[in-house]
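J.: Provided below for reference: sequence and predicted model.
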Amino acid sequence: MVETVLFRCVGKTAAYLSSVSLDDRLVDLEFDSLRFIQLVVQLENALGVVFDDEKLDPAQFERMSDLLAYLETLAPKAANARGA
């Protein structure tokens, strides 16, 4: 579930992307600070979570998989549903 929400929010935030994978680097997807914050807001609203202040910098996440791993720590119930 968390992975699905992540990709849906990326699609809303960066509609110019034709595809995204967990191996993609955020910098390669052109996620600058502003676009990253837009994604964070989308994710917080969709998952009902709040990012820690120190995680509000795209440099904290090299790849999409890093972002997913962090989201799963914020939304453990949603992460468990993903594996079901």
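T.: Okay, I see it.

J.: Is Trp4 within a helix or a strand, and which one?
T.: Careful, residue 4 is Thr and not Trp. Thr4 belongs to helix 2-13 when assigned by DSSP states H and E.

J.: roughly how far is the next helix or strand after that helix from the heart of the chain?
T.: Remark: after helix 2-13, the chain's next helix or strand is helix 33-47, criterion DSSP H and E. Distance of helix 33-47 from the chain centroid (C-alpha atoms, centre = their mean, to the nearest Å) equals 7 Å.

J.: Sketch out the low-pLDDT regions of the protein for me.
T.: 77-84 (pLDDT under 70).

J.: Excluding chain neighbours, what is closest to Leu67?
T.: Spatial nearest neighbour of Leu67, excluding adjacent residues (C-beta to C-beta, 6 or more residues apart in numbering): Phe61 at 4.5 Å. Quick note: C-beta positions are derived from backbone N, CA and C, even for glycine.

J.: Pull up the gap between that neighbour and Val20, please.
T.: 13 Å (C-beta to C-beta, to the nearest Å).

J.: More neighbours: the two, which one.
T.: Neighbour count, other C-beta atoms under 10 Å: between Phe61 and Val20, Phe61 has more, with 20 against 14.

J.: how far away is that one from Leu43?
T.: According to C-beta to C-beta, Phe61 stands 12 Å off from Leu43.

J.: so what's in contact with these two at the same time?
T.: Taking C-beta atoms under 8 Å, 6 or more residues apart in numbering as the contact criterion, Phe61 and Leu43 have no common neighbours.

J.: these two touch, right, Gln38 and Thr13?
T.: Yes: counting by C-beta atoms under 8 Å, Gln38 touches Thr13, with 5.0 Å between them.

J.: List the contacts of the residue nearest to Leu67.
T.: Phe61 makes contact with 26, 55, 67, 70, according to C-beta under 8 Å, 6+ apart.
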